[in-house]
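Asker: the amino acid sequence is not available; the structure is as follows:
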(Lines give C-alpha, C1' and ligand atoms only; values in the text may rest on other atoms or scores of the structure.)
Protein backbone atom coordinates (compact mmCIF):
# COMPACT_ATOMS: atom_id res chain seq x y z
CA UNK A 1 0.00 0.00 0.00
CA UNK A 2 1.38 3.36 -1.04
CA UNK A 3 1.64 5.99 1.68
CA UNK A 4 0.09 9.14 0.14
CA UNK A 5 0.47 11.32 3.23
CA UNK A 6 3.98 12.60 2.42
CA UNK A 7 2.81 13.59 -1.08
CA UNK A 8 -0.28 15.32 0.30
CA UNK A 9 1.82 17.09 2.89
CA UNK A 10 4.25 18.38 0.28
CA UNK A 11 1.38 19.46 -2.00
CA UNK A 12 -0.34 21.31 0.84
CA UNK A 13 2.90 22.98 1.84
CA UNK A 14 3.53 24.17 -1.72
CA UNK A 15 -0.04 25.45 -1.98
CA UNK A 16 0.34 27.43 1.25
CA UNK A 17 3.66 28.90 0.09
CA UNK A 18 2.14 29.90 -3.26
CA UNK A 19 -0.89 31.44 -1.52
CA UNK A 20 1.25 33.41 0.93
CA UNK A 21 3.72 34.44 -1.77
CA UNK A 22 0.99 35.71 -4.07
CA UNK A 23 -0.54 37.60 -1.17
CA UNK A 24 2.79 39.31 -0.45
CA UNK A 25 3.18 40.28 -4.11
CA UNK A 26 -0.34 41.72 -4.20
CA UNK A 27 0.26 43.60 -0.96
CA UNK A 28 3.52 45.12 -2.17
CA UNK A 29 2.12 46.09 -5.58
CA UNK A 30 -1.10 47.63 -4.24
CA UNK A 31 -0.23 51.27 -4.89
CA UNK A 32 0.94 50.52 -8.42
CA UNK A 33 -2.45 49.01 -9.23
CA UNK A 34 -4.62 51.59 -7.42
CA UNK A 35 -2.88 54.71 -8.74
CA UNK A 36 -2.12 55.27 -12.43
CA UNK A 37 -0.62 58.77 -12.52
CA UNK A 38 1.01 58.27 -15.92
CA UNK A 39 -2.02 56.91 -17.79
CA UNK A 40 -2.28 57.36 -20.72
CA UNK A 41 1.02 59.28 -20.79
CA UNK A 42 3.26 61.11 -18.30
CA UNK A 43 2.54 64.81 -17.80
CA UNK A 44 3.51 67.66 -15.53
CA UNK A 45 1.32 70.10 -13.64
CA UNK A 46 3.24 73.20 -14.75
CA UNK A 47 2.97 72.47 -18.48
CA UNK A 48 -0.81 71.96 -18.58
CA UNK A 49 -2.45 74.41 -20.98
CA UNK A 50 -5.60 72.43 -21.78
CA UNK A 51 -7.87 74.63 -19.66
CA UNK A 52 -7.20 77.71 -21.74
CA UNK A 53 -7.28 81.40 -20.98
CA UNK A 54 -8.09 82.56 -17.48
CA UNK A 55 -7.16 79.33 -15.69
CA UNK A 56 -4.37 79.49 -13.13
CA UNK A 57 -2.08 76.65 -12.10
CA UNK A 58 -2.23 77.24 -8.35
CA UNK A 59 0.04 75.88 -5.63
CA UNK A 60 -1.65 76.42 -2.28
CA UNK A 61 -0.19 75.12 0.99
CA UNK A 62 1.48 72.28 -0.83
CA UNK A 63 -1.56 71.29 -2.95
CA UNK A 64 -1.79 71.91 -6.69
CA UNK A 65 -4.89 72.59 -8.73
CA UNK A 66 -6.14 74.30 -11.87
CA UNK A 67 -8.45 77.14 -10.86
CA UNK A 68 -10.59 79.56 -12.82
CA UNK A 69 -12.69 82.22 -11.17
CA UNK A 70 -15.94 82.68 -13.08
CA UNK A 71 -18.21 83.97 -10.32
CA UNK A 72 -18.38 84.16 -6.53
CA UNK A 73 -21.54 82.09 -6.39
CA UNK A 74 -20.45 78.49 -6.91
CA UNK A 75 -17.22 76.57 -7.34
CA UNK A 76 -17.02 73.07 -8.76
CA UNK A 77 -14.28 70.88 -7.31
CA UNK A 78 -13.19 67.93 -9.43
CA UNK A 79 -11.39 64.96 -7.83
CA UNK A 80 -10.15 62.72 -10.60
CA UNK A 81 -8.98 59.28 -11.53
CA UNK A 82 -6.04 57.95 -13.55
CA UNK A 83 -3.75 60.38 -15.32
CA UNK A 84 -3.56 64.05 -14.42
CA UNK A 85 -6.26 66.62 -13.72
CA UNK A 86 -5.24 68.21 -17.01
CA UNK A 87 -6.70 65.18 -18.82
CA UNK A 88 -10.18 66.17 -17.66
CA UNK A 89 -10.14 69.75 -18.95
CA UNK A 90 -12.92 68.65 -21.32
CA UNK A 91 -15.33 69.13 -18.39
CA UNK A 92 -14.35 72.75 -17.74
CA UNK A 93 -16.65 74.30 -20.40
CA UNK A 94 -19.66 72.58 -18.79
CA UNK A 95 -18.88 74.22 -15.47
CA UNK A 96 -18.28 77.60 -17.09
CA UNK A 97 -21.56 77.51 -19.03
CA UNK A 98 -23.33 76.96 -15.74
CA UNK A 99 -21.62 80.09 -14.41
CA UNK A 100 -19.42 78.19 -11.96
CA UNK A 101 -15.82 78.71 -11.02
CA UNK A 102 -13.82 75.50 -10.91
CA UNK A 103 -10.97 73.78 -9.12
CA UNK A 104 -9.45 70.68 -10.74
CA UNK A 105 -7.40 69.04 -8.00
CA UNK A 106 -4.05 67.51 -8.91
CA UNK A 107 -3.33 64.60 -6.59
CA UNK A 108 -0.07 64.38 -4.68
CA UNK A 109 2.11 61.91 -6.56
CA UNK A 110 0.63 62.83 -9.94
CA UNK A 111 1.69 65.13 -12.78
CA UNK A 112 5.40 65.27 -12.08
CA UNK A 113 5.32 65.01 -8.28
CA UNK A 114 8.41 62.89 -7.45
CA UNK A 115 6.89 61.49 -4.24
CA UNK A 116 4.47 58.67 -5.02
CA UNK A 117 0.72 58.88 -4.36
CA UNK A 118 -0.92 57.33 -1.31
CA UNK A 119 -4.27 57.39 0.43
CA UNK A 120 -2.72 59.28 3.33
CA UNK A 121 -1.26 62.02 1.11
CA UNK A 122 -4.34 62.39 -1.07
CA UNK A 123 -6.83 62.60 1.80
CA UNK A 124 -4.55 64.96 3.72
CA UNK A 125 -4.84 67.37 0.80
CA UNK A 126 -8.63 67.54 0.93
CA UNK A 127 -8.86 69.97 3.89
CA UNK A 128 -6.36 72.21 2.06
CA UNK A 129 -8.66 72.34 -0.96
CA UNK A 130 -11.55 73.23 1.33
CA UNK A 131 -9.47 75.99 2.92
CA UNK A 132 -8.81 77.42 -0.53
CA UNK A 133 -12.56 77.48 -1.30
CA UNK A 134 -13.21 79.31 1.95
CA UNK A 135 -10.39 81.76 1.30
CA UNK A 136 -11.96 82.56 -2.08
CA UNK A 137 -15.31 83.07 -0.29
CA UNK A 138 -17.36 80.93 -2.65
CA UNK A 139 -20.94 80.73 -1.45
CA UNK A 140 -21.63 77.18 -2.66
CA UNK A 141 -19.64 74.13 -3.67
CA UNK A 142 -20.37 71.27 -6.06
CA UNK A 143 -18.08 68.26 -5.66
CA UNK A 144 -17.40 66.01 -8.65
CA UNK A 145 -15.58 62.70 -8.30
CA UNK A 146 -14.65 60.17 -10.96
CA UNK A 147 -13.79 56.52 -10.24
CA UNK A 148 -11.01 56.68 -7.63
CA UNK A 149 -12.07 60.29 -7.07
CA UNK A 150 -15.51 59.18 -5.88
CA UNK A 151 -13.85 58.14 -2.64
CA UNK A 152 -11.95 61.42 -2.36
CA UNK A 153 -15.13 63.39 -3.09
CA UNK A 154 -17.11 61.46 -0.49
CA UNK A 155 -14.39 62.17 2.06
CA UNK A 156 -14.46 65.86 1.09
CA UNK A 157 -18.24 65.88 1.53
CA UNK A 158 -17.87 64.40 5.01
CA UNK A 159 -15.67 67.35 6.04
CA UNK A 160 -17.66 70.13 4.41
CA UNK A 161 -21.27 70.78 3.45
CA UNK A 162 -21.45 70.67 -0.33
CA UNK A 163 -24.58 71.77 -2.11
CA UNK A 164 -24.46 68.95 -4.67
CA UNK A 165 -22.30 66.01 -5.67
CA UNK A 166 -21.62 64.17 -8.92
CA UNK A 167 -20.29 60.61 -8.80
CA UNK A 168 -18.88 59.23 -12.07
CA UNK A 169 -18.29 55.45 -11.96
CA UNK A 170 -19.23 55.20 -8.27
CA UNK A 171 -18.42 52.37 -5.85
CA UNK A 172 -19.21 51.60 -2.22
CA UNK A 173 -15.59 50.90 -1.29
CA UNK A 174 -12.47 50.43 -3.36
CA UNK A 175 -11.99 46.89 -2.05
CA UNK A 176 -15.01 45.93 -4.18
CA UNK A 177 -12.90 46.56 -7.31
CA UNK A 178 -10.31 43.86 -6.57
CA UNK A 179 -12.11 41.12 -8.54
CA UNK A 180 -11.40 37.52 -7.59
CA UNK A 181 -8.78 38.65 -5.10
CA UNK A 182 -11.41 39.74 -2.59
CA UNK A 183 -12.75 36.16 -2.49
CA UNK A 184 -9.31 34.62 -1.92
CA UNK A 185 -7.84 37.10 0.57
CA UNK A 186 -9.18 39.30 3.42
CA UNK A 187 -8.78 42.36 1.19
CA UNK A 188 -10.54 44.81 3.48
CA UNK A 189 -8.11 44.00 6.28
CA UNK A 190 -5.01 44.05 4.09
CA UNK A 191 -5.64 47.09 1.87
CA UNK A 192 -3.75 50.21 2.86
CA UNK A 193 -5.34 52.22 0.04
CA UNK A 194 -9.01 51.40 0.55
CA UNK A 195 -11.38 54.32 -0.04
CA UNK A 196 -14.83 53.99 1.56
CA UNK A 197 -17.44 56.34 0.02
CA UNK A 198 -20.26 54.35 1.64
CA UNK A 199 -18.88 55.13 5.09
CA UNK A 200 -18.08 58.78 4.38
CA UNK A 201 -21.49 59.51 2.83
CA UNK A 202 -23.49 58.41 5.88
CA UNK A 203 -24.13 61.93 7.17
CA UNK A 204 -24.20 63.74 3.82
CA UNK A 205 -27.64 64.91 2.70
CA UNK A 206 -26.80 66.89 -0.45
CA UNK A 207 -28.37 65.81 -3.78
CA UNK A 208 -26.21 63.36 -5.72
CA UNK A 209 -26.00 62.57 -9.44
CA UNK A 210 -24.74 59.05 -10.21
CA UNK A 211 -23.37 58.38 -13.71
CA UNK A 212 -22.50 54.76 -14.49
CA UNK A 213 -21.51 52.54 -17.40
CA UNK A 214 -23.89 49.63 -17.94
CA UNK A 215 -21.03 47.27 -18.84
CA UNK A 216 -18.42 48.59 -16.42
CA UNK A 217 -15.69 45.96 -16.26
CA UNK A 218 -13.85 47.65 -13.38
CA UNK A 219 -16.59 48.68 -10.93
CA UNK A 220 -19.02 45.86 -10.07
CA UNK A 221 -22.63 46.94 -10.47
CA UNK A 222 -23.32 45.52 -7.00
CA UNK A 223 -20.90 48.05 -5.49
CA UNK A 224 -22.51 50.97 -7.35
CA UNK A 225 -25.95 49.70 -6.33
CA UNK A 226 -24.88 49.54 -2.70
CA UNK A 227 -23.61 53.11 -2.66
CA UNK A 228 -26.73 54.37 -4.42
CA UNK A 229 -28.95 52.58 -1.89
CA UNK A 230 -26.95 53.96 1.04
CA UNK A 231 -27.46 57.60 0.03
CA UNK A 232 -30.48 58.84 1.95
CA UNK A 233 -30.98 62.22 0.30
CA UNK A 234 -32.14 63.24 -3.15
CA UNK A 235 -30.42 61.21 -5.86
CA UNK A 236 -30.49 60.81 -9.62
CA UNK A 237 -29.08 57.86 -11.54
CA UNK A 238 -27.93 57.89 -15.17
CA UNK A 239 -26.75 54.62 -16.72
CA UNK A 240 -25.14 54.75 -20.16
CA UNK A 241 -24.16 51.97 -22.58
CA UNK A 242 -20.57 50.80 -22.75
CA UNK A 243 -17.63 50.14 -20.49
CA UNK A 244 -15.79 52.04 -17.76
CA UNK A 245 -13.74 54.21 -20.11
CA UNK A 246 -16.49 54.89 -22.66
CA UNK A 247 -18.68 57.27 -20.67
CA UNK A 248 -17.08 60.33 -22.26
CA UNK A 249 -18.17 59.13 -25.70
CA UNK A 250 -21.86 59.77 -24.94
CA UNK A 251 -23.46 63.21 -25.39
CA UNK A 252 -25.83 62.21 -22.58
CA UNK A 253 -22.88 62.12 -20.21
CA UNK A 254 -22.20 65.83 -20.62
CA UNK A 255 -25.89 66.75 -20.86
CA UNK A 256 -26.74 65.02 -17.58
CA UNK A 257 -24.00 66.90 -15.72
CA UNK A 258 -24.99 70.22 -17.26
CA UNK A 259 -28.67 69.67 -16.43
CA UNK A 260 -27.82 68.73 -12.84
CA UNK A 261 -25.69 71.85 -12.39
CA UNK A 262 -28.40 74.16 -13.71
CA UNK A 263 -31.16 72.87 -11.47
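Answerer: In hand now; what should we look at? Since the structure is predicted, the reported quantities are computational estimates derived from the model, not experimental observations.
Asker: for the residue most central in space within the chain, which non-adjacent residue is closest in space?
Answerer: For the chain, residue 149 is the residue whose C-alpha lies nearest the centre (Cα atoms, centre = their mean; 1.6 Å). In space, and not counting its chain neighbours, residue 149 is closest to residue 79: 3.6 Å by Cβ to Cβ, 6 or more residues apart in numbering. Yep, even glycine has a C-beta here, placed from its N, CA and C like the rest.
Asker: mind checking how far the one you found is from residue 165?
Answerer: 10 Å (Cβ to Cβ, to the nearest Å).
Asker: need the overlap of contacts for those two.
Answerer: By Cβ atoms under 8 Å, 6 or more residues apart in numbering, residue 79 and residue 165 have these common neighbours: 143, 144, 145, 153.
Asker: quick one: which of these sit in helices?
Answerer: The helices, defined by DSSP state H, take in residue 153 from the shared contacts of residue 79 and residue 165.
Asker: can you list the shared contacts of residue 79 and residue 165 in CSV and add pLDDT?
Answerer: Below are those laid out as CSV (pLDDT from 0 to 100):
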residue, pLDDT
143, 98
144, 98
145, 98
153, 98
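Asker: by neighbour count, which of the shared contacts of residue 79 and residue 165 wins?
Answerer: Within the shared contacts of residue 79 and residue 165, most neighbours by other Cβ atoms under 10 Å means residue 153, with 31 neighbours.
Asker: what's the residue nearest to that one when sequence neighbours are not counted in contact with, if anything?
Answerer: Excluding its sequence neighbours, the residue lying closest to residue 153 (Cβ to Cβ, 6+ apart) is residue 145, at 2.9 Å. By Cβ under 8 Å, 6+ apart, the contact list for residue 145 reads 78, 79, 80, 151, 152, 153, 154, 165, 166, 167, 168, 170.
Asker: go again using 7 Å as the cut-off
Answerer: 79, 152, 153, 167, 168 (Cβ atoms under 7 Å, 6 or more residues apart in numbering).
Asker: and what of residue 110?
Answerer: Residues in contact with residue 110, defined by Cβ under 7 Å, 6+ apart, are 37, 84, 117.
Asker: and the pLDDT at the last one?
Answerer: Right, the one you point to is residue 117. Note for residue 117: predicted pLDDT of 95.
Asker: how near is it to residue 137?
Answerer: Distance from residue 117 to residue 137, by Cβ to Cβ: 30 Å.
Asker: these two - which one has more neighbours?
Answerer: residue 117 (19 against 8).
Asker: nearest spatial neighbour of the more buried one, chain-adjacent residues omitted?
Answerer: residue 109 (2.7 Å).
Asker: which neighbouring elements make contact with the helix or strand hosting residue 222?
Answerer: In this structure, residue 222 sits in helix 221-230 according to DSSP states H and E. The contact analysis (3 or more Cβ pairs under 7 Å, 6 or more residues apart in numbering; DSSP states H and E) places helix 221-230 against helix 197-200.
Asker: what sits up against the helix it packs on?
Answerer: Outside helix 197-200, the residues touching it (Cβ under 7 Å, 6+ apart) are 150-151, 154-155, 157-158, 170-173, 226-227, 230.
Asker: please pick the buried ones from these.
Answerer: Neighbour-count burial within these applies to 150, 151, 154, 155, 157, 158, 170, 171, 172, 173, 226, 227; the criterion is 16 or more other Cβ atoms under 10 Å.
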